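Visitor: Would you be able to build a 3D model of this:
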Amino acid sequence: MGRRTQAERTRATTGELIETARRLFGRDGYAATSIDDIARESGLTKGAVYHHFSGKADVFRAVFVRQEERLAEVIAAAAAGAGDPWEGVRLGVRAFLRACAGAATRQIVLLDGPAVLGWEGVREIEYEHTLNLLHQGLAAAAARGDIAPGDVTVRAHLIFGALCEGGMLIARADDPDETLAAVLEQAEALLAALSRPSAI
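Guide: Residues are numbered from 1 along each chain as shown. The predicted structure is shown next:
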């Protein structure tokens, strides 16, 4: 194999930094994780971290994006086994909520994300990944007539908002597994109402 270019080495180092930071932020939280921690765990100097990122918030944004990418991959994989777009939405919703019970998603996306990036910053990233998947699924289901007619964009935002609130309930629960079961049940009821035109 030939020697890697500088650009390839930079991408590799940045990717390693993001993965290390993702592990630390997911385990310890944003406030308890320092640039020194990230540098040490990555086997780099603090200056090397600052060569790639402007500061801890910049590292966190990259971590948040990566966590959203992983969430989108999990949702897409769950929906891929569906027989139709509407079933894909339902399976994707369940996969999203289950992921909210995971330590990394809970800490990075639900707890620290809004505080560090702000609501608009979080939604901008989510729209590129998880919210966008929901929008696409609803649009496909609407095109097939699987759900009642209506504004797909508004519905996607309303449903996603409800799912994020459900995720917050799971993230802050003393018993996340018990809360997950309750949230999954109510999410199914919410989607069932949307799939019955007479109930709209």
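
Visitor: Chain neighbours aside, what residue packs nearest to residue 173?
Guide: residue 179 (3.7 Å; CB to CB, 6 or more residues apart in numbering). C-betas here are computed from N, CA, C, even on glycine.

Visitor: That neighbour: which element?
Guide: Assessed by DSSP states H and E, residue 179 sits inside helix 176-195.

Visitor: which parts of that helix are buried?
Guide: Within helix 176-195, the residues scored as buried using 16 or more other CB atoms under 10 Å are 176, 179, 180, 183, 184, 187, 191, 194, 195.

Visitor: Same check on stretch 152-168?
Guide: Within stretch 152-168, the residues scored as buried using 16+ other CB under 10 Å are 152, 155, 156, 157, 159, 160, 162, 163, 164, 166, 167, 168.

Visitor: ok, and what's touching that stretch?
Guide: Outside stretch 152-168, the residues that touch it by CB atoms under 8 Å, 6 or more residues apart in numbering are 93, 96-97, 100, 105-106, 109-110, 126, 130-131, 134-135, 138-139, 142, 183, 186-187, 190-191, 194.

Visitor: Spell out, range by range, the helices that occur in the protein.
Guide: Taking DSSP state H, the helices of the chain run over residues 6-28, 35-42, 46-52, 56-80, 85-100, 103-104, 113-128, 130-144, 152-172, 176-195.

Visitor: Could you check the angle the second one makes with helix 56-80?
Guide: In this case it means helix 35-42. 60 degrees (axes from the mean of the first three to the mean of the last three CA atoms, to 10 degrees).

Visitor: now the angle between helix 6-28 and helix 35-42, please.
Guide: Using the same axes, to 10 degrees: helix 35-42 against helix 6-28 is 110 degrees.
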